[in-house]
Every structure is written in structure tokens, then in C-alpha cells.
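Q: Fold the following for me, if possible:
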Amino acid sequence: MAERESIAVFGAGYVGLVTAVGFAELGSEVFLVEIEPRKREALEGGRVPIYEPGLQELYDEVRGRIHLLSAASQLPDSVRLAFVAVGTPPAPSGDADLSAVYAVVDDLVTHTPRGAERAVVMKSTVPCGTGKGILRRFAELGSDLAYVSCPEFLREGNAVEDFFAPDRVVVGEVGDWAGEAVVDLYRPLLEQGVPLVRTDVASAEMIKLAANAFLATKISFINEIANVCEATGADVLEVARGMGLDHRIGTAFLRAGIGYGGSCFTKDVSALKLLASNSGYHFQLLTAVIEVNELQKRRVVQKLERHLGSLAGTRIALLGLAFKPHTDDMRGAASVVLAGRLLGEGAEVTAYDPVAMERARQLLPGLEYRSDPYQALAGADAVVLVTEWPELVALDWRAAAHQMAGRLVIDGRNVLDPKTIAEAGLDYEGIGRPAVASRQPSGAGKEGS
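A: Residues are numbered from 1 along each chain as shown. Have a look, this model is predicted:
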């Protein structure tokens, strides 16, 4: 194997840690800079501080090539490429909070020797125009640092796989040495046929925002169709199946449910809408996408009220809390909105998630957390499947019916079999699907309880 370039990665979150471990697997020495002591201590002890399938095992393999640091001042002068993968959460104004990004930039400016060949490579999702602002900052400070935009497209829950087999690698550059160096770093993947998009910095920044906004739009569109299906008796699964066979549309992101979540879609759609507004353009479509997504979660509460009446004093079970399966990320999770509304209506809320309960407790202290799904269902008047974890989809619904006081199952992800639910003595209601009533009289299956 040819000698690989050593790199720095700033931030040991979902993006930064996968990026660091991925490049280490490809043979690079990686200097991982993390300012949070708890994360560094976990990694130094051999423990990955986030849940991502396959990441712990890969970290165990490449740990000898990952060097944990706390600041840019500790970087060897030989490190040319410094990947920035820190958080850019929404600020109160709605803009992306770039304070962490600029803290890294300033740290690198301060601790990069004059005349040294080094580049900031932006992995964090930033508004279009950020690169231009950073380059202007370099000029004002007399820094020789170069700049490359290299947006990430990792899906939480599939991030390791996505690193090694991405749909594309995007490199936004200004035509100097740095763009070529980033391309060379990705060469092992490009030689396997991964498409490369080399473009200008602003276009690379926009590709990331536009891609996520389009996927969110597909989700909100099919959710609108689902709502019309409920009014007309059509089944949105059948509608989506027929639509998806059109190659111009495709099947991806055409599954109706309780809306998108996570940090990327939620933040990027709002960021693009605000970017357009700040540029003097009203992005009406994204305004509707956001509104539909928020209303979709509230429709679940309406379904509960239609079946149960007032929710005060009822017991509702939420199965799944993370924003999607195979992650412990609670950012933008539908469960946060649902739980807040249910508690506000006076309901008691029990909950279970295979991996996200520790993080959920920090956001939702008012829930009653249970150690397994059947305990969460005990005495429940209704259950909402919020996150389609495989073990939750595969529950023994006859056993579930035995635990519950009521019999309403709301399938928030349209992944359950209505026939199976009905045969278990429960009433099924999905999103945009015909409701299916229990095939047993009320109380059947609860004998001996």
C-alpha cells in the first residue's frame, strides 16, 4: 500500500468520528481533535461514545492509527488536510450557528506556521457562502491556509457503509493544491467507481443543502398524499408503489409516516429557506414542506383523540424514540413532539427504545421509561410505533394485546401488517392506510391477565 497522507479531523461526533475511522481504515494516520473531555476519555478507553452500527468494531481495528488531541496546537506541522466536522445547530435567528466552525478556523490560523501548506476541509454542513467568508477571514488575518468544501452525505445508521460506498464525492475548490490533495485522499474509493463532482466552493455547499431539501420534499409530498388517501379510502402504500415504478420518481423516500427528523433534514431545509430569504427570495415550497412535516406529527395526536376522546388520564405507549432506527440520535425526533403534546394533554406516557433512552431522558424527563417493549405496553390504552426498529416491528402482538388495557395500535411508520394486528385482537390504524378493526371482541386475548 502506498503511503497515505496524514490528516486531522476536528470533532468526534457522528460525522467526524466516522470520517476519522474511515480514513484510518484506508491507511491514513488520523489526528482526531475533540475539545470535550468526556468524548476523548471514552475514545482513549476504547469506547465509541455514539451508537452507529459497525463503528465500534472498526474503531477497534484502526485505533492504533487514531491519535486523540484537544487543540490544533498539538498537530504535527506535516498535517496538511484538516477536516472540520463540528456541529452547526440552528441559532435563535434560524441561521446556522457557525461559532464552533470559526473556533476551529481561528485555532488553525493561530497554530499553522506561516508558509505551511495546510487546508481547512469543511465537512460540517454550512450555509452557501460560508467558504467565501472563511477565505475572506484568512486574507484579513494574513493566513496562508487553503480551503476546500467537501460536504458529507452519511446516513446515520448506515454511516460506515456510506463512507466506503458513497453515492458521490463532492469537492468544492478554488483551483489550488488543496482540491487535488482531497481528491487523492479519496482515490481508493474513486477507483472503485464512486462518482466525483469537482466544482466551485459555493456550488458544493449548495449541493448538500439542495439534496437534503429535495429528499425532505419527497417525504412531505407523500405524507400529503397519505392524508388525502385517508379521506378517500385509498392506501398510500399502494399509491407509492405505483408511483415509484416510474423511473423518473423512484421508490426512495416515498414512505408515508409521521414526518422526517434528525439533525440534517430539519436543519438543512430551514437553512436553505432562510438563505433564500436573506437573498431576497421567498422559497414557498420549503415553507410548505416544513409546515406539512410539523402537522404530520400532530395528526397522530388527533388520531388518538378520535379513538379515545380526551387524553387526560390515559396511558399511551411510545415504541421507539430515536429519529430513525440504528441510531441513538434524538435530534429532530418525532417522539419529542409527540411526547410533549401527549403530556400537555394530560396523558401518562410510557416509552421504550433499544438504544436511545439515555439521550431521551435528557430531553423528555416526564416519560416513564421501561426496560423492554412489553413493559412499556403494560396498561396502555394505545400504542404508537414511532421508530421502526426491527425488534419493534417483529413484536408478538398477541402478547402485546395481553399487556394492554386498550387495543389501539397506531403505526406511525406504516411497517406493521394490519392483518396480524387485527388477528391479535387489536385495532390497527396507519398513516394514509385503511383502518382495520380487531377480529376479536374487546377483551379477547386478555384472559388470565
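Q: Residue 298 against residue 341, yeah?
A: Yes. Counting by Cβ atoms under 8 Å, residue 298 does reach residue 341; the two are 6.7 Å apart. Quick note: C-beta positions are derived from backbone N, CA and C, even for glycine.
Q: The two: which has the busier surroundings?
A: residue 341 (18 against 14; other Cβ atoms under 10 Å).
Q: quick one: contacts for the more buried one?
A: 297, 298, 301 (Cβ atoms under 8 Å, 6 or more residues apart in numbering).
Q: any idea how far it lies from residue 102?
A: Distance from residue 341 to residue 102, counting by Cβ to Cβ, to the nearest Å: 37 Å.
Q: Could you do residue 57 as well?
A: For residue 57, the distance to residue 102 - Cβ to Cβ - is 35 Å.
Q: These two - which one has more neighbours?
A: Applying other Cβ under 10 Å to residue 57 and residue 102 shows that residue 102 carries more neighbours, namely 16 against 11.
Q: what sits against the residue lying closest to residue 381 once chain neighbours are set aside?
A: Of all residues not flanking residue 381 in the chain, residue 406 sits nearest, at 3.7 Å (Cβ to Cβ, 6 or more residues apart in numbering). By Cβ under 8 Å, 6+ apart, the contact set of residue 406 is 308, 380, 381, 382.
Q: OK, contacts around the last one?
A: Same thing as residue 382. 304, 307, 308, 314, 316, 317, 406, 408, 409, 410.
Q: Can you tell me which of those end up in helices?
A: Cross-referencing the contacts of residue 382 against helices under DSSP state H gives 304, 307, 308.
Q: Please identify which of those is nearest to residue 435.
A: residue 307 (9.4 Å; Cβ to Cβ).
Q: returning to that earlier point: between the ones in helices among the contacts of residue 382, which has the most around it?
A: Counting by other Cβ under 10 Å, top hit in those: residue 304 with 24 neighbours.
Q: Enumerate the beta-bridge partners assigned to the closest residue to residue 318 other than its chain neighbours.
A: The shortest distance from residue 318 to any non-neighbouring residue, by Cβ to Cβ, 6+ apart, is to residue 351 (4.5 Å). On the basis of DSSP bridges, residue 351 is bridged to residue 318, residue 369.
Q: shouldn't residue 351 be in contact with residue 363?
A: No. Contact criterion Cβ under 8 Å: residue 351 and residue 363 do not qualify, at 11.3 Å.
Q: Compare these two and say which is more crowded by neighbours.
A: Per other Cβ under 10 Å, whichever of residue 351 and residue 363 has more neighbours is residue 351, with 26 against 16.
Q: List the contacts of that one.
A: Counting by Cβ under 8 Å, 6+ apart, residue 351 makes contact with 317-319, 321, 335, 339, 357, 360, 364, 367-370, 376.
Q: Report pLDDT for it.
A: pLDDT, the model's per-residue confidence, is 97 for residue 351.
Q: go on, the one 10 residues further on?
A: The predicted local distance difference test score for residue 361 is 95.
Q: start the count at 53, not 1, going forward
A: Renumbered: residue one is now 53, and that last one reads residue 413.
Q: separation between the closest residue to it other than its chain neighbours and residue 402?
A: Take residue 413 and drop its neighbours on the chain: the residue closest to it by Cβ to Cβ, 6+ apart is residue 421, 6.6 Å away. Using Cβ to Cβ, residue 421 is found at 8 Å from residue 402.
Q: The two: which has the busier surroundings?
A: Neighbour count, other Cβ under 10 Å: between residue 421 and residue 402, residue 402 has more, with 21 against 18.
Q: And stretch 440-459, end to end?
A: Start-to-end span of stretch 440-459 (Cα to Cα, to the nearest Å) is 20 Å.
Q: An error on my part: the question was meant for stretch 435-454.
A: End-to-end for stretch 435-454, by Cα to Cα: 13 Å.
Q: What of stretch 277-295?
A: Start-to-end span of stretch 277-295 (Cα to Cα) is 11 Å.
Q: Enumerate the positions of it that are buried.
A: Of all the residues in stretch 277-295, those buried under the rule 16 or more other Cβ atoms under 10 Å are 277, 278, 279, 281, 282, 286, 287, 288, 289, 291, 292, 295.
Q: Ok, stretch 203-222 next?
A: Neighbour counts over stretch 203-222 (16+ other Cβ under 10 Å) mark 203-206, 208-212, 214-215, 218, 221-222 as buried.
Q: Also stretch 466-479?
A: Buried residues in stretch 466-479 (16+ other Cβ under 10 Å): 466, 467, 468, 470, 473, 474, 475, 476, 477, 478, 479.
Q: ok so, going back, between the contacts of residue 434, which is nearest residue 247?
A: residue 462 (40.6 Å).
Q: Let me see the contact set for the residue nearest to that closest one when sequence neighbours are not counted.
A: Leaving aside its sequence neighbours, residue 462 sits nearest to residue 436 (Cβ to Cβ, 6+ apart; 4.6 Å). By Cβ under 8 Å, 6+ apart, residue 436 lies in contact with 352, 356, 368, 369, 370, 371, 390, 462, 464.
Q: The fifth one and residue 490, how far apart?
A: Applying Cβ to Cβ, one obtains 21 Å for the distance of residue 370 from residue 490.
Q: partners of the one helix or strand the residue nearest to residue 462 maps to, with directions?
A: Mapping residue 436 onto the secondary structure by DSSP states H and E places it in strand 434-437. Strands that pair with strand 434-437, judged by DSSP bridges, come out as strand 367-371 (parallel), strand 460-463 (parallel).
Q: Ok, which of these comes nearest residue 147?
A: Per Cβ to Cβ, nearest to residue 147 of the strands paired with strand 434-437: strand 367-371, 32.0 Å.
Q: all helices of the stretch 153-302 of the chain, in order?
A: Counting by DSSP state H, counting those that start in this stretch, the stretch 153-302 of the chain has helices at residues 182-193, 211-216, 229-237, 239-242, 253-284, 288-296.
Q: That's all I had, so thanks and see you.
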